[in-house]
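S.K.: Predicted coordinates and the sequence they were generated for:
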Amino acid sequence: MASLAKVVIALVAALHLYIAWFEIFAWTSRGPKVFSSFPPELFAQTTAMAANQGLYNGFLAAGLIWALCIVDELWHRRVATCFLLMVCVAGIFGAFTVSTRILFVQTVPALIGIVLLVWAAKRRQSDHS
């Protein structure tokens, strides 16, 4: 279970690295194709805003990658849970303010990661008792 949790954490981190790249570097080139309901003339005007959002997504990815590098199991779980919860909050906010699709793209994978972390911890506790 712990290995599967790490795979999910890595996938969520990769997703947020992609989102960061997209919002920072590809907003005006790929943005109009991805967000077809957004007026095309606004992409150039919102480049700085999108880059700022991308920076925050980069921070989420960095935190998850950091969690994967932590050897101590307790601290790995704590840091991973913290950053996965931040992803959940961002996903819920995005679902309410932008698109419900964000809930499934961001929040659901992060929740799966949290469930797997808790499940792995419970299994470890039961193995030690």
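M.R.: Ah, there it is. Numbers count the residues shown, from 1 in each chain.

S.K.: Touching whichever strand or helix holds residue 111 from outside, list them.
M.R.: Element membership of residue 111, judged by DSSP states H and E, is helix 108-128. For helix 108-128, the surrounding residues in contact (C-beta atoms under 8 Å, 6 or more residues apart in numbering) are 1-2, 4-5, 8-9, 11-12, 15, 73, 77, 80-81, 84-85, 87-88, 91. C-beta coordinates here come from the backbone N, C-alpha and C atoms, glycine included.

S.K.: same thing but at 6 Å, please
M.R.: Defining contact as C-beta atoms under 6 Å, 6 or more residues apart in numbering, one finds that helix 108-128 is touched by 1-2, 4-5, 8-9, 12, 77, 80-81, 84, 87-88.

S.K.: List the contacts of the residue nearest to residue 106 when sequence neighbours are not counted.
M.R.: Nearest non-adjacent residue to residue 106, counting by C-beta to C-beta, 6 or more residues apart in numbering: residue 91, 3.3 Å away. If you count contacts by C-beta under 6 Å, 6+ apart, residue 91 has them with 102-103, 106-107.

S.K.: Of those, which is the most crowded?
M.R.: The residue in the contacts of residue 91 with the most neighbours, by other C-beta atoms under 10 Å, is residue 106 (25 neighbours).

S.K.: That one and residue 54, how far apart?
M.R.: Distance of residue 106 to residue 54, given as C-beta to C-beta, to the nearest Å: 14 Å.

S.K.: hang on, the earlier thing: now do the SS call for the residue nearest to residue 106.
M.R.: Look at residue 91: counting by DSSP: H, G, I helix; E, B strand; the rest coil, its state is helix.

S.K.: ok, it to residue 56 distance?
M.R.: Separation of residue 91 from residue 56 (C-beta to C-beta): 13 Å.

S.K.: what does residue 28 give?
M.R.: For residue 28, the distance to residue 56 equals 19 Å [C-beta to C-beta].

S.K.: picking that back up, ok, and for the helix holding residue 111, which residues are buried?
M.R.: Neighbour-count burial for helix 108-128 flags 109-114, 116-117, 120-121 (criterion: 16 or more other C-beta atoms under 10 Å).
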